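Chemist: what's the 3D shape of this:
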Amino acid sequence: MPYNPLNEEEQRVILHKGTERAFTGKYWDHHDAGMYICRQCNAELFPSSAKFDSGTGWPSFDDAVPGAVKEVPDADGRRVEIICANCGGHLGHVFRGERKTQKNTRHCVNSISLDFKPQS
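Modeler: Just a heads-up that it's a prediction; the model follows:
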């Protein structure tokens, strides 16, 4: 299945592992019910029920669709990168142990790496 076309900024983040500026993405303060999907391949990634306000300026989720998000060591050697398990597109990073939710996990995701499918 062909991937969605990406503009220059989407390519910078999704293909080249960039980061959007905090508090600028379209989903950091988004609260509708539905499913967050991969911008590049439309794979379902995060249910809106897992989204929480972390205060960081990026969409944050304490859970993902089982098998949808892959964790890989980040090039900086300190963080854990998260990518779409279907297409390998860069999503952001995962942090554990911050005690921001009961699940103690924060998937910190670039809005530009996501699209949103409203609940019908």
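Chemist: quick one: T24 is in a helix?
Modeler: No: going by DSSP: H, G, I helix; E, B strand; the rest coil, the assignment for T24 is coil, not a helix.
Chemist: from T19, how far off is the most centrally placed residue in the chain?
Modeler: When C-alpha atoms, centre = their mean is applied to the chain, the residue found nearest the centroid is V109 (3.1 Å). Distance of V109 to T19, given as C-beta to C-beta, to the nearest Å: 10 Å. Just so you know, the C-beta spots here come from the backbone N, C-alpha and C atoms, and that holds for glycine as well.
Chemist: common neighbours of those two, please.
Modeler: The contact sets of V109 and T19 overlap at G92 (C-beta atoms under 8 Å, 6 or more residues apart in numbering).
Chemist: so the residue nearest to the centre of the chain makes contact with H90?
Modeler: No: using C-beta atoms under 8 Å, V109 is not in contact with H90, being 9.7 Å away.
Chemist: that older thread, partners of the closest residue to the residue nearest to the centre of the chain other than its chain neighbours in the sheet?
Modeler: Sequence neighbours aside, G92 is the residue nearest to V109 in space, at 4.2 Å (criterion: C-beta to C-beta, 6 or more residues apart in numbering). Using DSSP bridges, the bridge partners assigned to G92 are I82, V109.
Chemist: shouldn't G92 be in contact with S111?
Modeler: No: G92 is not in contact with S111 according to C-beta under 8 Å; the separation is 9.6 Å.
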